[in-house]
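Chemist: Kindly return the folded structure for what I paste below:
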Amino acid sequence: MNLTVSSRISRYTSSVTIKDHKSDGRPARDTQGGAGDGSSDLLRERVLRASVALIDEQGLAALSMREVARRAGVSHQAPYHYFEDREAILAAVAERGFDGLNEALKQARAQATSATHAIELAATAYIQFACENSAYFRIMFRPELVKVSNHQELDCSADHAFQHVPELVADCIKAGLPEDFGVEPIMTLLWSTVHGFACLLIDGPLAEKIPNVTQERDKAIRDLAHTMRRLIEGAIASARSEK
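Modeler: Take a look at the predicted model:
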């Protein structure tokens, strides 16, 4: 990999920082029971779980502080001890989603035997995560609901999850994927294909247009991920034959 390509990839990974403080959208004020109190943390978790369940069952429009409090079995003021407003709850949900996605991608890549195998496993893990955690996924990429850059912990979690994309591309280039394809176009192609397929499975018209995909969802996910791997391997093989 030449220095230009290496430097362009490092641009997308060097900004990732280690999370050393977790506020998760909590307002900077005292809470009942104290910020570090165990019962306080449990109550906050109840509020967060109630929020996710509400979104999963009734959609984002149903999310309100009062309804979350009712579902969590707490006073209508209790959520405000942990979340300043509705966006703060959504930010905490999105952060947890990115942490989960990051972990799923890490585990998938750890099982890979090659750069292209890692693409296949990571693509599968990404789409499966989206399908199995749709309440989180529907919020994670919605800037009109939560502006990631306004929430430090969320921003950091999103960066950790995203760093897999340039790293996967870098490994494929090292394995022989032509550098002249361009780092950004490859990253964009891979991410948009996987993310777009996930969105179409969750909310899109695939059930109507391509019913076999939704009827055999797991197989469809595996097939798409394997096709991506084969296309990249084909590009690598073609580049080698031209040398």
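
Chemist: quick one: pLDDT of residue 82?
Modeler: Predicted confidence (pLDDT) for residue 82: 88.

Chemist: can you tell me the helix or strand for the closest residue to it other than its chain neighbours?
Modeler: Among residues not flanking residue 82 along the chain, residue 44 sits closest, at 4.2 Å (C-beta to C-beta, 6 or more residues apart in numbering). Using the backbone N, CA and C atoms, a C-beta is placed for each residue, glycine as well. Assigned by DSSP states H and E, residue 44 belongs to helix 38-58.

Chemist: next helix or strand past that helix?
Modeler: Next along from helix 38-58, by DSSP H and E: helix 65-72.

Chemist: and that next one, average pLDDT?
Modeler: 92.

Chemist: what sits up against it?
Modeler: 43, 46-47, 49-51, 53-54, 75-80, 83, 85-86, 89 (C-beta atoms under 8 Å, 6 or more residues apart in numbering).

Chemist: Kindly recompute the last result at 6 Å.
Modeler: Applying C-beta atoms under 6 Å, 6 or more residues apart in numbering, the contact partners of helix 65-72 are 46-47, 50-51, 54, 76, 78-79.

Chemist: Compute the number of surrounding residues for the residue nearest to residue 82.
Modeler: Residues lying near residue 44 (other C-beta atoms under 10 Å) number 22.

Chemist: And for residue 100?
Modeler: Neighbours of residue 100 using other C-beta under 10 Å come to 18.

Chemist: tell me the contacts of it?
Modeler: When the contact criterion is C-beta under 6 Å, 6+ apart, residue 100 has no partners at all.

Chemist: on that earlier part again, and the contacts of helix 65-72, which are buried?
Modeler: For the contacts of helix 65-72, a burial check counting by 16 or more other C-beta atoms under 10 Å picks out 46-47, 50-51, 54, 78-79.

Chemist: List just the nearest of those residues to residue 236.
Modeler: Taking C-beta to C-beta as the measure, residue 236 lies nearest residue 51 of the buried ones among the contacts of helix 65-72, at 44.8 Å.

Chemist: Let me know the pLDDT of the closest one.
Modeler: 93.
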